[in-house]
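Chemist: Provided below are the primary sequence and the corresponding predicted coordinates.
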Amino acid sequence: MALNIASFESVLATIVAVLFTVAGVVNLAGPGAVKRDFARWGYPAWFRLLCGALELLSAALIAGHQTRVLGLMLSGAIMIGALFTLLRNREPFGHLAPALIFSALVVFTVVLRG
């Protein structure tokens, strides 16, 4: 059975939703490295919680077919902010690579959505 574009978009959207769920949970749990990163980047402690909540919200919106476009828009905005932060702080490529992959997955899902 061939995988059509709509099915592929749905699978990709599910992957993006799972990734944003994981990212949101990590930000909300705030292990030491995450707290140190946000502090090093000059953000207040509450900003990590806001980011985690927005990541979870975007994941939930992406998971729903009717709200997927809104979720993709929110996740795109989150990734623009993340990439800006990483580039502004001259983070090494190893730190930048996951953000680039997340961003590419969001963009590719949008393109497939048409």
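Modeler: Received, thanks.
Chemist: residue nearest the centroid of this protein?
Modeler: residue 20 (4.6 Å; Cα atoms, centre = their mean).
Chemist: So which residues of the protein form helices?
Modeler: For the chain, the helices defined by DSSP state H occupy 5-29, 32-40, 45-63, 68-88, 93-113.
Chemist: Now do the buried residues in the longest one.
Modeler: It stands for helix 5-29. For helix 5-29, a neighbour-count test (16 or more other Cβ atoms under 10 Å) marks 9-10, 12-13, 16-17, 19-21, 23-24, 27-28 as buried. From N, CA and C alone the C-beta is placed, and that goes for glycine too.
Chemist: now stretch 93-110
Modeler: Buried residues in stretch 93-110 (16+ other Cβ under 10 Å): 99, 102-103, 105-106, 109-110.
Chemist: Kindly report the same for stretch 70-83.
Modeler: Result for stretch 70-83 [16+ other Cβ under 10 Å]: buried residues 71-72, 74-76, 78-79, 82-83.
Chemist: any idea how far residue 44 is from the residue nearest to the centre of the chain?
Modeler: Distance from residue 20 to residue 44, counting by Cβ to Cβ, to the nearest Å: 22 Å.
Chemist: and what of residue 71?
Modeler: 26 Å.
Chemist: Could you do residue 100 as well?
Modeler: Residue 100 is 26 Å from residue 44, by Cβ to Cβ.
Chemist: any idea which of the buried residues of stretch 93-110 is closest to residue 53?
Modeler: Residue 53 lies nearest to residue 102 out of the buried residues of stretch 93-110, by Cβ to Cβ, at 17.1 Å.
Chemist: got a list of what the closest one touches?
Modeler: Residue 102 sits next to 16, 19-20, 23, 75, 79, 82 when contact means Cβ atoms under 8 Å, 6 or more residues apart in numbering.
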